[in-house]
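J.: Curious how this folds, go ahead:
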Amino acid sequence: MDERRSIWNATYAFALGVATLTPCLLASPRVATADDDVPSAAALLERVRAAEGTPLASYREVTDATSEGLSVRSVSLHAGSDYVTTRDEGPFHLASGSYHGHRWRQNANGETIPLEPDPGLVAPESYGAVVTRISKPVDGYLVSSLNARGYGTLRYVEAGTWHVVRRDVIGATGTRVTTYDDFRTVAGYTVPFHWTVTDGHPEDDAEFRETELIPLTVTEAELAIPKSRRALVEFPAGATSVPLPASEKHEKFVVRVNVGTRGLDMLLDTGASSIVLDRGVVRGLGLTEIGAVSNAANAGRFRQSYAIVPEMDVGALKMHDVVVTVVPDLPNPDLTGDYRVVGLLGFDFIDAVALKLDYLNEAVTAYDAATFVPPATGRGFDLPLRLGNGTPMTSITINGEVGERFALDTGASGALLVFDYFQRRHPAALADEANGSLGNRYMMGVGGAFEVRPARIASITFGGVNFNDFDIFETTSRSSYGGDADGLIGEGFLRLFDVYLDYQRERARFTFNDLDQPSPSPSASPRA
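T.: Numbering: from 1, shown residues only. Model prediction:
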């Protein structure tokens, strides 16, 4: 099965947030008998590839889809392993591609983002491949590629045609089922021209039709990585830095944002993959909600949609025609007083500027990203960031085990939150020096409350600096933050530094401040 279809299926909904998976009933495989000819996984997949034929070397492809009443058109140009895909989803325009081995995407606000791979310091998770002879839902074979948790992919191969007619992707929060039919051959290459996607949530149901598949010559210029379509954030004339109207509330930065005459309190949140507004605020502003997906990527499942805000002002900074994600009521567990957080000032804003987060003086400064030069490192260090999923990812070592997918999250409580993805791969690294005496607790996230287990860790290394006897939290619900991220680096850790975020150069600088005054030596012990 052509892999670009599985990528498209995973992103068919306008995904400023990540649409994840929900349960469905799987067909029971028929037990193989001695008379059955059950090939190995490698042999079976070779038959699948042979049935597909030789992929087209260079071609144009058009796919039309409908989901939640929204028409989606995808136009792709391919030449070998290089491709570029543009998607128009109602009023939204997105793009993605790969050029000479460099993958990228462009979000609905026109920002082009590189999709850098993990550093490769961690061995990939093991997925077995087992073939079973089945009679339902198709007469053929089931190829199961699952990890120790039972997460992974099921492919249903029809005997005789050797077409993959169904593909199930199983995750911590359920299963997404894609069913393929109407196979056609174009210039010796056979692919489905129709497929449907369902995951048990009607807002995620979608139907796709291949409306064009034409061999043609694609030029280098057509495949090149595009620049961002616009500068989302406008600075005042002549200004290269602007203080933001921010205050620190419970070690998180709350920024005052004006939409028309209405002032909104928004959390400066590097863990948010877009700019987010509370549904009640969107309706109160008279904005139209567009589309919907069921999001289970966070603390719990919720329905999210999208809207376009004509103008947003962040102090002296201006943004126009801003695409935002719309979610139910945002949690305010520890933010009380003369304000209420009704939004998240997330990736799209942060990507358009450079920022200094000054926890010591409770101040945030935005810089023109084109001219920003961070100060000398001093007592600190630089870290490379990977931004492809909309959150800044970096590496941490816990008791000698590396996790490459920890997100810097200014909106997260605590110092370090470790997800199931790291827990199941490195259980010994999370040995609790406190022997469970810290007790379980609850945290709030978008989607609801979730339970965590505190633990005291002997050694954590971040940016080449070691921190001893470090208190962390482990999620105990597999359905909360159950994707493939290792965890979150939260405010309890970040507040030890002046943090400089420079997304345009995919880096961050951390300079120790005077809060808790840890020594940048192998014996540093921060407050968690």
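
J.: Quick check: Ala187 vs Leu216, distance?
T.: 11 Å (Cβ to Cβ, to the nearest Å). No exception for glycine: its C-beta is placed from N, CA and C like everyone else's.

J.: tally of neighbours for the residue nearest to Gly388 when sequence neighbours are not counted?
T.: Leaving aside its chain neighbours, Gly388 sits nearest to Leu115 (3.7 Å; criterion: Cβ to Cβ, 6 or more residues apart in numbering). Counted by other Cβ atoms under 10 Å, the residues lying close to Leu115 total 15.

J.: and Ala361, how many neighbours?
T.: Residue 361: Asn, not Ala. Around Asn361 there are 9 other residues, counting by other Cβ under 10 Å.

J.: what sits against the residue nearest to Gly388?
T.: 103-105, 388 (Cβ atoms under 8 Å, 6 or more residues apart in numbering).

J.: Tell me how far it lies from Asp382.
T.: In this view, Leu115 and Asp382 are 21 Å apart by Cβ to Cβ.

J.: Could I get the pLDDT score of Ala123?
T.: Ala123 is assigned a pLDDT of 87 by the prediction.

J.: May I have the secondary structure class of it?
T.: Three-state assignment for Ala123 (DSSP: H, G, I helix; E, B strand; the rest coil): coil.

J.: where does it fall, phi/psi-wise?
T.: Dihedral pair for Ala123: phi -60, psi 140, per degrees, to the nearest 10.

J.: In strands, which of the contacts of Leu115 fall?
T.: Of the contacts of Leu115, the ones assigned to strands by DSSP state E are 103-105.

J.: Report the contact partners of the residue nearest to Thr410 when sequence neighbours are not counted.
T.: In this structure, Thr410 finds its nearest non-sequential neighbour in Thr270, 4.7 Å apart by Cβ to Cβ, 6+ apart. Thr270 sits next to 346-347, 350, 391-392, 407-411, 501 when contact means Cβ under 8 Å, 6+ apart.

J.: I'd guess Thr270 is in a helix, am I close?
T.: No. If the criterion is three-state DSSP, then Thr270 is coil and not within a helix.

J.: Provide the backbone phi and psi angles at it.
T.: phi -70, psi -20.

J.: Would you mind measuring from it to Val293?
T.: Applying Cβ to Cβ to Thr270 and Val293 gives a distance of 22 Å.

J.: how many other residues sit next to Glu61?
T.: 22.

J.: Quick one: name whatever helix or strand follows the helix or strand where it lies.
T.: Per DSSP states H and E, Glu61 falls inside strand 58-67. The helix or strand immediately downstream of strand 58-67 is strand 70-79, counting by DSSP H and E.

J.: mean confidence for the following helix or strand past that next one?
T.: Next helix or strand after strand 70-79 toward the C-terminus (DSSP H and E): strand 82-89. Across strand 82-89, pLDDT averages out at 97.

J.: where along the stretch 301-450 of the chain do the helices fall?
T.: 347-351, 420-425 (DSSP state H, counting those that start in this stretch).

J.: cool, and the stretch 101-250 of the chain?
T.: Under DSSP H, counting those that start in this stretch, the stretch 101-250 of the chain gives helices at 220-223.

J.: And for Met319, the neighbour number?
T.: 21.

J.: Spell out which residues sit in contact with it, please.
T.: 232-234, 309, 311-313, 349.

J.: Please identify, among those residues, the one with the most neighbours.
T.: Within the contacts of Met319, neighbour counts (other Cβ under 10 Å) peak at Phe349, which reaches 27 neighbours.

J.: now it, nearest residue through space, not along the chain?
T.: Nearest to Phe349 is Ile275, by Cβ to Cβ, 6+ apart, at 5.8 Å.

J.: how much space between the one you found and Ile308?
T.: Distance, Ile275 to Ile308, using Cβ to Cβ: 11 Å.

J.: ok, so what distance separates Ala429 from Asp265?
T.: From Ala429 to Asp265 the distance is 38 Å (Cβ to Cβ).

J.: Could you do Ala434 as well?
T.: On the measure of Cβ to Cβ, Ala434 and Asp265 end up 36 Å apart.

J.: Among these two, which residue is more densely surrounded?
T.: With neighbours defined as other Cβ under 10 Å, Ala434 and Asp265 compare such that Asp265 has more, 18 against 13.

J.: what's the closest non-adjacent residue to that one?
T.: Nearest non-adjacent residue to Asp265 (Cβ to Cβ, 6+ apart): Tyr339, at 4.4 Å.

J.: The one you found: what's it in contact with?
T.: 249, 254, 265.

J.: swap the cut-off to 10 Å and go again
T.: 247, 249, 254, 256, 263-265, 332 (Cβ atoms under 10 Å, 6 or more residues apart in numbering).

J.: Need the contacts of Met319 in JSON lines (columns: pLDDT).
T.: JSON lines is the format used below for the contacts of Met319 (pLDDT from 0 to 100):
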{"residue": "Leu232", "pLDDT": "97"}
{"residue": "Val233", "pLDDT": "98"}
{"residue": "Glu234", "pLDDT": "98"}
{"residue": "Val309", "pLDDT": "98"}
{"residue": "Glu311", "pLDDT": "97"}
{"residue": "Met312", "pLDDT": "97"}
{"residue": "Asp313", "pLDDT": "97"}
{"residue": "Phe349", "pLDDT": "98"}
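
J.: Understood, closing this out.
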